[in-house]
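A.B. asks: missing the sequence, but the structure's below:
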């Protein structure tokens with residue numbers, strides 16, 4: 001699945017409800033954005049995007065302060081279909097994170 005995601009993202013053809021495209025992601029990462037994989041630890045272990053951190057959507061409230069202490073930092077969340085990333089985005093915004101985008 002990760003290879004399919006990378007392929008679709010490279011061609012700006014991801015069928016998930018992405019808010020940003022590949023060029024925007026690269027630009028945000030250059031500006032210091034954090035790439036957050038909100039899939040399960042098993043899915044993350046099977047493969048993830050380079051420099052991504054693992055923060056499963058169901059563990060956000062438990063681990064977010066430890067992994068993402070700066071609430072003003074740009075955060076890019078992704079999963080395999082877009083469903084969990086949208087849920088994660090909502091949770092992070094409710095916790096006070098200002099700049100959260102989904103892929």
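C.D. replies: Arrived safely, thanks for sending. Remember, it's a predicted structure, so these values are computed and weren't measured experimentally. Numbering: from 1, shown residues only.
A.B. asks: pull the number of nearby residues for residue 29.
C.D. replies: 16 (other CB atoms under 10 Å). Using the backbone N, CA and C atoms, a C-beta is placed for each residue, glycine as well.
A.B. asks: now it: which helix or strand?
C.D. replies: Using DSSP states H and E, residue 29 sits in helix 22-30.
A.B. asks: contacts for stretch 84-98?
C.D. replies: Outside stretch 84-98, the residues within contact range by CB atoms under 8 Å, 6 or more residues apart in numbering are 16-17, 36, 38-39, 55, 57, 60-61, 64, 68, 71-72, 75, 77-79, 100-103.
A.B. asks: which of those fall within helices?
C.D. replies: Members of the contacts of stretch 84-98 lying in helices (criterion: DSSP state H): 60-61, 64.
A.B. asks: and the spatially closest residue to residue 73 that is not a sequence neighbour, what does it touch?
C.D. replies: The shortest distance from residue 73 to any non-neighbouring residue, by CB to CB, 6 or more residues apart in numbering, is to residue 34 (6.1 Å). With contact taken as CB under 8 Å, 6+ apart, residue 34 is in contact with 53, 68, 73-76.
A.B. asks: type out the PyMOL command that picks the buried ones from these.
C.D. replies: A single PyMOL command is used to select the members of the contacts of residue 34 judged buried by 16 or more other CB atoms under 10 Å:
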select buried, resi 68+74+75+76
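A.B. asks: hang on, the earlier thing: what subset of the contacts of stretch 84-98 is buried?
C.D. replies: Buried among the contacts of stretch 84-98 by 16+ other CB under 10 Å: 16, 36, 38-39, 55, 57, 60, 64, 68, 75, 77-79, 100-103.
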